[in-house]
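In: The sequence and its predicted three-dimensional model are supplied below.
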Amino acid sequence: MSSIFSGSALRLSIFGQSHSEAIGMTLDGLPAGIPLDLDRLQTFLNRRAPGQNDWSTPRREEDRPEFLSGLKNGKTCGAPLTAVIRNGNTRGKDYEQLRVLPRPGHADYTAQLKYGGYQDYSGGGHFSGRLTAPLCISGGILKQMLQARGILCDARILSIGPVQDDSAFPASVAGKDFPTVSDGKAEEMKNVIAAARADGDSVGGVIECVIRGVPGGLGEPMFDGVENRIAQLAFAVPAVKGIEFGSGFAAAAMRGSENNDAYTVCDGRVVTTTNHAGGILGGITDGMPVVFRVAVKPTPSIARAQNSINLESMEPGILRISGRHDPCIVPRAVPVIEAVAAIAISDLLLGGKNIWN
């Protein structure tokens, strides 16, 4: 399995399955001497953890990382940083039928094609959103490193179903239990999720991420641009089905005079009066905030009966799922997208020329 991200400076390996004994990560390439606040890291991981509210799966896990290597006296020591999270609340028996009845919208069938039926199908195995927990360990560590240098990676829920929060996004909403800017829109979104759950269904949405404080000149043209790196990591999140930067697809309906970001000078530095480019031109940052959005699909595991196929008899079958699942994965995915942003920017900074120092 291609479970390793190899960047310019960082190498990240994610391991484990949804219902295996543990999940974890190894992050190689971190400079020695980076301080790690474990309490802050745990607070970040708690934002993603399951079983905390009505819009989350009832599966409860502490998601408390155990560091096996790479730390000495609270700081990185230059060795590969390895951490595991022990899985405690597993119920593999809930997924026995998936061996022969693949879930529509999930990777059960494609995993069968790839691995010949030998894959772990409990909770989606290695294809599960559970694997975003170790992704958040690495991202949470790198968020601290970036913040110490004035770079902030903040995400929020932009929309769930038909409800959109068009409020300006000037600062982090990490302290909220439901990470929107508008509290009124949050209540509307919660109602959409509750209605989907009551119908035995699920709903998706859009997450917006803003990275502030990124220096200009970061990234490379063509194959190693900032968009390329962020997109590669964003699509490691199982529910992500689309990504856009700046105005994104809306730019296709604009004229050049509308989409172009005019330059000006503010406090002695070059800035743009708008940010339709999302802080990136030619794959290289221009010094403005990097802005991107990801589309998150509805959770494929739903309570409604679904048409499937029995892979043993090769006849139609009806799938009724009894496991524990999120009616909407979007709120828990917000810190995951922040982690994605932190990994991408950290790798570009650490691997760049005359940028980090």
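Out: Yep, that arrived.

In: got the buried residues for the lowest-mean-pLDDT helix or strand in the chain?
Out: The weakest-scoring helix or strand in the chain, judged by mean pLDDT, DSSP states H and E, is helix 108-115 (a mean of 89). The neighbour-count check on helix 108-115 (16 or more other C-beta atoms under 10 Å) flags 108, 109, 111, 112 as buried. To be clear about C-beta, it is placed using only N, CA and C from the backbone, and glycine gets the same treatment.

In: who are the neighbours of whatever helix or strand comes next after it, in terms of helices and strands?
Out: Counting by DSSP states H and E, the next helix or strand C-terminal to helix 108-115 is helix 132-147. Applying 3 or more C-beta pairs under 8 Å, 6 or more residues apart in numbering; DSSP states H and E, we find helix 132-147 packed against strand 11-16, strand 22-28, helix 38-48, strand 81-86, strand 152-160, helix 330-351.

In: quick check: angle from the fifth one to helix 330-351?
Out: It stands for strand 152-160. 150 degrees (axes from the mean of the first three to the mean of the last three C-alpha atoms, to 10 degrees).

In: pLDDT on strand 152-160, on average?
Out: Average pLDDT, strand 152-160: 98.

In: now that strand: how far from the chain's centre is it?
Out: Distance, stretch centre to chain centre, for strand 152-160: 11 Å (C-alpha atoms, centre = their mean, to the nearest Å).

In: relative to helix 132-147, how tilted is it?
Out: With the same axes, to 10 degrees applied, the angle from strand 152-160 to helix 132-147 works out at 130 degrees.

In: Could you do the third one as well?
Out: Here helix 38-48 runs at an angle of 130 degrees relative to helix 132-147 (the same axes, to 10 degrees).

In: Which neighbours in the sheet does whichever helix or strand comes after helix 38-48 have, and how are they oriented?
Out: For helix 38-48, the following helix or strand on the C-terminal side (DSSP H and E) is strand 66-69. Strand 66-69 pairs in its sheet with strand 81-86 (antiparallel), by DSSP bridges.

In: Alpha carbons of the strand it pairs with, as PDB, please.
Out: The C-alpha trace of strand 81-86 is given here as PDB (Å, rounded to 0.1, in the frame of the first residue of the first chain):
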ATOM      1  CA  LEU A  81       9.300  10.400  15.400                       C
ATOM      2  CA  THR A  82       7.000   7.500  15.900                       C
ATOM      3  CA  ALA A  83       3.700   7.500  17.800                       C
ATOM      4  CA  VAL A  84       0.900   5.000  18.100                       C
ATOM      5  CA  ILE A  85      -2.800   5.300  19.200                       C
ATOM      6  CA  ARG A  86      -4.200   2.200  20.800                       C
END
